[in-house]
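> What follows is a predicted structure for the sequence shown.
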Amino acid sequence: MNGKNKLVLLAMALGILMASLDNTITSAAINAVIEDIGGFDRVSWVFTAYVLASTSTMLVFGKMSDIFGRKLLYLIGIALFLTGSILCGFSQNIDQLIWSRVLQGIGAGSLMPISFTIIFSLFPDPKEASKLTGVFAGIFGLSSVAGPQLGTWISSSLDWRWCFFVNIPVGILAFVILLFALKESRSQVRPKIDYFGTVFVIITTVSFMLGVEWGGKEYAWGSWQIIGLFALSVVFGIAFIITEKRVAEPILPLHLFKNKVVRGTSIMCLCQGAILFASITYLPIFAVAVLGKTNSNSLLTPMMFSVMVGASVAGILQSKVSFRTLSTISMVSAIGSSIALTMLSHTASWATITILMIILGFFALGPLMSTAQNAIAANVDSRYLGITSSIIGFWRNIGGVLGASITATIVNNQLQHKLQDGATKLGIPADKIDQLANPEILMHSGGQVSPQIQQFLRDALELAINNGFYLALVFSIIGLLAAISVGKGNFVEARFKKQNEAALATATNKDE
């Protein structure tokens, strides 16, 4: 590895760290944000706007990088992210912050997928590439561990605005390094851009994610707003598919999904996202409201640290072990962990729960962080590397929104049902049931609720969260079926086969 390639790797690592840290840092500082600029009623949009923007633009950036080059699109992503960060830091009200987060999210939509694409382009040796993608996936896990602590420290020691300003020196350094260190040849063929496909995929993604995000929270699942959003998603989704079949250079070439590795890995990443987001949403609530812990991150830290280590180890092993073996181990572990989550009890020891979190992170979630990128890259033509790398992040985010939202619906319905059953027995007025259904009653009651009602609420919430984790079990089983379908080949064999086919095609063209 030469000096310039090392600098490029450093720049991409900084870009990934910057983008993946952002949401976790912001979540830790959100109380300070509300105290300063207000907007409690719209605070969820600070996170929703970022996820919507990044997810809906991932496929677009991936395809554009295949057309215009990885370097240009990555630099554009950094520039957009930095501009959004500066605007976030100077926001004077919640609306300004939300729109600035949209710009940040658009920039983030390019950073993660294109980073992996650049790795595959720079390092044709499959063994080296697999190790590097494992390390880069590990950086994502590291950000999940360090983000909350860093955000808490910045907001308490400096100012919440520095949670965004801290991106500026990091982003500028990454931008300058890539500008001068990364060399890339440009195609002389005039690009054909799929404008309609771009618009259709963004509308489809945003309307679907909003429907899932708002369903059961802002509006009832059967309300005209939610049905309308899903209908809009279906209509534009159909229009997108029709368009992609007809244009010369589609945003998402649908024939890629005929490849069993692309198809199976996409399903696994969706399932992984659902399991991950359901876990990071409800494990902190379980820790504080049911177990009585004061630090809501005490359960997540061992899990996310294990994700980082698991991703790195899997990246090394993938040069020796087949996709199917690693993926199957991952999904079987997810099934076992999900079953254990459905049986979590307030009587469980802290050591037992910590071990469960380590297993969930290291075996179930971590490996797919790196193996998914490698598996797809090894099985598609190099001209599709940008879009296929984006597919991974796209499905993972879609799964995350599905997992968190549907789990929330299950937990809330189960909790309401349990409260209604026990309200008469405990003498709880009917008009107080909705108030008691909020877990914050247990998390911040301060003795305002009687011990008897507290225990009843704790038992009800424990059962509700246990039932919510059955969804993770369902996704784990679906993921296992997808893992079995991806085939026996390993990363090295597939990559060398692809390289030999490309060399043969080049030689044939020269002979002609």
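Done, it's in.

> what are the phi and psi angles of D194?
Phi and psi for D194, reported as degrees, to the nearest 10, are phi -90, psi 80.

> contacting residues around it?
Residues near D194 by CB atoms under 8 Å, 6 or more residues apart in numbering: 63, 243-244, 247, 249-251. The C-beta positions use only the backbone N, C-alpha and C, and glycine is treated the same way.

> Same question for G109.
53-58, 60-61, 77.

> so the nearest residue to F40 once chain neighbours are set aside is in which element?
In space, and not counting its chain neighbours, F40 is closest to I34: 5.2 Å by CB to CB, 6 or more residues apart in numbering. For I34, the host element (DSSP states H and E) is helix 3-37.

> Can you tell me the centre-most residue of this structure?
Geometric centre of the chain, nearest residue: N397, 4.3 Å, by CA atoms, centre = their mean.

> Have a look at the chain and report its longest helix.
Counting by DSSP state H, the longest helix found in the chain is helix 385-426.

> which strands and helices sit next to that one?
helix 45-68, helix 94-122, helix 195-214, helix 260-285, helix 366-377, helix 433-436, helix 451-468, helix 470-484 (3 or more CB pairs under 8 Å, 6 or more residues apart in numbering; DSSP states H and E).

> Format the CA atom coordinates belonging to stretch 37-50 as PDB.
Only the C-alpha atoms of stretch 37-50 are listed here, as PDB (Å, rounded to 0.1, in the frame of the first residue of the first chain):
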ATOM      1  CA  ILE A  37     -34.000  27.200  21.000                       C
ATOM      2  CA  GLY A  38     -37.200  25.300  22.000                       C
ATOM      3  CA  GLY A  39     -39.200  23.200  19.700                       C
ATOM      4  CA  PHE A  40     -39.900  20.200  21.900                       C
ATOM      5  CA  ASP A  41     -43.100  19.300  19.900                       C
ATOM      6  CA  ARG A  42     -41.000  18.900  16.700                       C
ATOM      7  CA  VAL A  43     -37.700  17.600  18.200                       C
ATOM      8  CA  SER A  44     -38.200  14.100  16.600                       C
ATOM      9  CA  TRP A  45     -37.800  15.800  13.200                       C
ATOM     10  CA  VAL A  46     -34.200  16.700  14.000                       C
ATOM     11  CA  PHE A  47     -33.500  12.900  13.600                       C
ATOM     12  CA  THR A  48     -36.200  12.000  11.100                       C
ATOM     13  CA  ALA A  49     -35.100  14.700   8.600                       C
ATOM     14  CA  TYR A  50     -31.500  13.400   8.600                       C
END
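
> what does that stretch contact?
Outside stretch 37-50, the residues within contact range by CB under 8 Å, 6+ apart are 22-23, 26-27, 30, 33-34, 91-95, 97-99, 101-102, 104-105, 108, 213.

> if we can go back for a sec, how far out from the middle of the chain is the longest helix of the chain?
Between the centre of helix 385-426 and the centre of its chain there are 14 Å (CA atoms, centre = their mean, to the nearest Å).

> What separation do you get for F90 and W99?
Here F90 is placed at a distance of 12 Å from W99 (CB to CB, to the nearest Å).

> which of those two has more neighbours?
Of the pair F90 and W99, W99 is the one with more neighbours under other CB atoms under 10 Å, namely 16 against 13.

> can you pull the contacts of the nearest residue to S156 once chain neighbours are set aside?
Distances taken as CB to CB, 6+ apart place A32 nearest to S156, at 7.7 Å, with adjacent residues excluded. Taking CB under 8 Å, 6+ apart, we find A32 in contact with 155-156, 159-160.

> repeat for N397
By CB under 8 Å, 6+ apart, the contact set of N397 is 51, 54-55, 58, 273.

> and what of S207?
229-230, 232-233, 236.

> same deal with G216?
By CB under 8 Å, 6+ apart, G216 lies in contact with 405, 408-409, 412.

> most surrounded residue in the residues you listed?
With neighbours taken as other CB under 10 Å, the top of these is S405, carrying 22 neighbours.

> Surely that one and G211 touch.
No: the pair S405 / G211 is not scored as a contact, 9.2 Å apart, by CB atoms under 8 Å.

> Based on its surroundings, how many neighbours for K192?
By other CB under 10 Å, neighbour count at K192 equals 11.

> Helix, strand, or coil at it?
Counting by DSSP: H, G, I helix; E, B strand; the rest coil, the backbone at K192 sits in coil.

> Let me know the pLDDT of it.
Per-residue pLDDT puts K192 at 78.

> got the contact list for it?
Neighbouring residues of K192 by CB under 8 Å, 6+ apart: 247-249.

> For ChimeraX, write the select line for the buried members of these.
Buried members of the contacts of K192, defined by 16 or more other CB atoms under 10 Å, are picked up in ChimeraX with:
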select :247
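
> can I assume Q92 sits in a strand?
No: when three-state DSSP is applied, Q92 is found to be coil, with no strand at that position.

> what's S322 sitting at in phi/psi?
Torsion angles, degrees, to the nearest 10, at S322: phi -70, psi 160.
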